[in-house]
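# when you get a sec, could you give me coordinates for this:
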Amino acid sequence: MRAAYRAAVALAVVGLLATFGALVVPPAGSPGAAATPASGRTTGSTSAPSTTVPASPPTTATPPTWLTAWATPMDFNYGVAVNATVRDVAEVAVSGTSIRLRISNSWSGVPITFGAVTVGVQQSPTAGAAVLPGTLVPVTFGGGSPAVTIPARQDVTSDPVAMAVHAGETLSVSLWLEGSAPVSVHFCCQGRIDSYGTYDDAGNRTEDPTAASFPAVAPYASTNMRWLSGIQVAGSPAQGTVVAFGDSITDGFRVAGDGWPTPLQQRISMMAPQDQMAVVNQGVTGNTLTVFPPGNNALGDPDSYALVSGGLPGLTRLGSDVLSIPGAKDVVLFLGTNDIWFGGEDAIPPYGSAATIIAGMQSVIAQVHAAGMRIFGVTLLPRASSPPGIKPVEVWTAADQATLDQVNAWIRTPGNGFDGVIDMGAVVADVYNGQCNPDLLFGPYNSGDNLHPSVAGQTVMANAVPTTFFQIPEAPQLPAPVAVTPTPGCPGAVLAEQAMALAQVPTPSPPPTTVPPTTVPVRHPTIRRPATTGSLWWVPAGVAVAVVAAGLVLLRRRAVLRRRRRRAVLGQRPGVRERAPGSGPDSVTTSDGQGPGVRPGAPGPAP
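Numbering: from 1, shown residues only. As a prediction, the model looks like this:
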């Protein structure tokens, strides 16, 4: 029986192991099975069916993902340059391991040739045209050429440049113009220098890191950015690019070019690099959304408005200045106020009407969505006629205000197509500190012309942008530039409070007292299900073996119990003693001298 017992236990163990193996170890060819070499041979047991996996095709390098770290739109041409070098300076918003340059000839009717282009790091914010020694790198085009010819009214993107850049770093881009050509520029803004140029016929100075060849006086040192329209980066941890698409308010007129995109970038830059985005300013001073004015009579200009400033209308330049921006994911549309003013000034119906502006916005929304990007609308700011002493005089009428109110009412209406609304018009209105004039700019937020916000106003506008709109965390707020208290009982103040609340970082709520803060989540085991039924016969086989073995074990235990009961009975008869150690399981020794072989309960000898 001991041998049978051991065999039963062994069978039970084998059965349990077989059952466990069938349930846990996946069959050959299932998702969890051993990997199959490309040769088609399977690893593991040779009894498993082989599965042939075709060899993987040769892998190719993944092309880099480019996003725009700085951009500016060209809005008109300014003069002619001859055999000269210009050096543009631009600050990149996010870091990258390599860069590309975008050069524009969009405002010239003739081709333009640059014989050499370099890029380096500006030596310091106060160093002007000086480049940090050792940082100048040549830029090539079309697969390695140092020179490039750009057709009339076109632009070109350079080859990648293996140059790592840091967020907030200012780059110096030098371009040598061969021959002569009109200069395409971005016009903005007093109080800053964006570009330096040599005298005509100074030749190629692109490899000179010093500022000696670049006079620091106008018109050579200029507020106009010449030809450079974009800097793109690859290898950046940033999430993409936000395009600020607007007019002079966005451009930063009267605040040295630091429109609301600048403080918005400052907010975003306070977050971790992987949570950041680049905010590029595609604002154009004087820009309209819909059509050109035929001529700005208020300025006494007989020529086309586009040749003086204002650029192409938003609907016209949308493709070049928004939809073609590498890495762009979000667009902030802030146009329309110039449509109203020019429409009222030149009285060209329906130009400047609410219906025309709304239709233009709907067209932009549709095109941006078709390009796979999100778009957010900005309400138009309060404005009034120019105060005394401001030239040129701009008259704002009651009819203009009524049109603005209609446009803003539509922008604030849910379901208009925008993916969100940023109510900048409400946050800069005169609805604080006891005032309630929602059609005017709040005094400290007014730059002085009753139209363009001050630095404080631009900062508040940037603080009103919910960065969660861009699918990144809510960025910290910049310090409030002015202490304000919304005026109680003023409807405009309620709108301002609601707009600012959207961009506040939420305060985390304390955990409920009924839930311990150190609660460890329950981890449920993953059950691996076989992909095929080829090995399921192990399950019933293992169960059967285990059942048989268990039956044998039960029989063994019943036999042991019977022997114990018999011993108990014999122990009550005289002359019976326990079996000697090592005696057979069924033999006993009696006190009357009888030897082994007499079993308990068997008939004794005859008397």
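# walking through the stretch 351-500 of the chain, point out its helices one by one.
In the stretch 351-500 of the chain, the helices defined using DSSP state H, counting those that start in this stretch lie at 354-370, 398-411, 424-427, 455-463, 491-501.
# tell me which of those is the most buried.
With neighbours defined by mean count of other C-beta atoms under 10 Å, none of those is more surrounded on average than helix 424-427, at a mean of 26. For glycine as for every other residue, the C-beta is placed from the backbone atoms N, C-alpha and C.
# in this protein, which ranges drop under the pLDDT threshold?
Scanning the chain for pLDDT under 70 picks out 1-62, 292-309, 343-351, 506-607.
# now with 50, please.
19-59, 296-303, 513-539, 572-607 (pLDDT under 50).
# show me it divided up by domain.
Recorded structural domains for the chain (assignment: automatic domain parsing) are 1-56+537-569, 64-236, 239-505.
# just the helices in the stretch 1-150 of the chain please.
Along the stretch 1-150 of the chain, the segments classed as helices by DSSP H, counting those that start in this stretch run 2-24.
# now the end-to-end length of stretch 367-378.
Taking C-alpha to C-alpha, to the nearest Å, stretch 367-378 runs 17 Å from one end to the other.
# apologies, that question was intended for stretch 114-131.
Taking C-alpha to C-alpha, the span from the opening residue of stretch 114-131 to its closing residue is 20 Å.
# list the buried residues for that stretch?
114-123, 128-131 (16 or more other C-beta atoms under 10 Å).
# try stretch 258-269
The neighbour-count criterion (16+ other C-beta under 10 Å) identifies Asp258, Gly259, Trp260, Pro261, Thr262, Pro263, Leu264, Gln265, Gln266, Arg267, Ile268, Ser269 as the buried residues of stretch 258-269.
# circling back: now for the buried residues of stretch 114-131: which two are most distant?
Comparing every pair within the buried residues of stretch 114-131 by C-beta to C-beta identifies Gly115 and Gln123 as the most remote, at 24.4 Å.
# Ala384 contacts Trp396, doesn't it?
Yes. In this structure, Ala384 is within contact of Trp396 by C-beta atoms under 8 Å, at 5.3 Å.
# grab the nearest non-local neighbour of Ala93.
Excluding the flanking residues, the one nearest Ala93 by C-beta to C-beta, 6 or more residues apart in numbering is Ala278, at 3.8 Å.
# ok, now which ones touch that neighbour?
Residues counted as contacts of Ala278 (C-beta atoms under 8 Å, 6 or more residues apart in numbering) are 67-70, 92-94, 238, 240-242, 265, 327.
# do that again at 10 Å, thanks
For Ala278, the residues meeting the contact criterion (C-beta atoms under 10 Å, 6 or more residues apart in numbering) are 67-71, 92-94, 96, 167, 231-233, 236, 238-243, 261, 265, 268-269, 325, 327-328.
# inside strands: which ones of the residues you listed?
With strands taken from DSSP state E, the overlap with these comprises Leu67, Thr68, Ala69, Trp70, Ala71, Ile231, Gln232, Val233, Thr241, Val242, Val243, Ala328.
# spatially nearest residue to the last one (excluding sequence neighbours)?
What that stands for is Ala328. Thr241 is the one closest to Ala328 (C-beta to C-beta, 6+ apart), at 4.7 Å.
# isn't that neighbour right up against Ser324?
No. The pair Thr241 and Ser324 does not pass the contact test of C-beta atoms under 10 Å, sitting 11.7 Å apart.
# would you list every one of the strands in the stretch 301-450 of the chain?
Counting by DSSP state E, counting those that start in this stretch, the stretch 301-450 of the chain has these strands, from start to end: 328-334, 374-378, 421-422, 429-430, 437-441.
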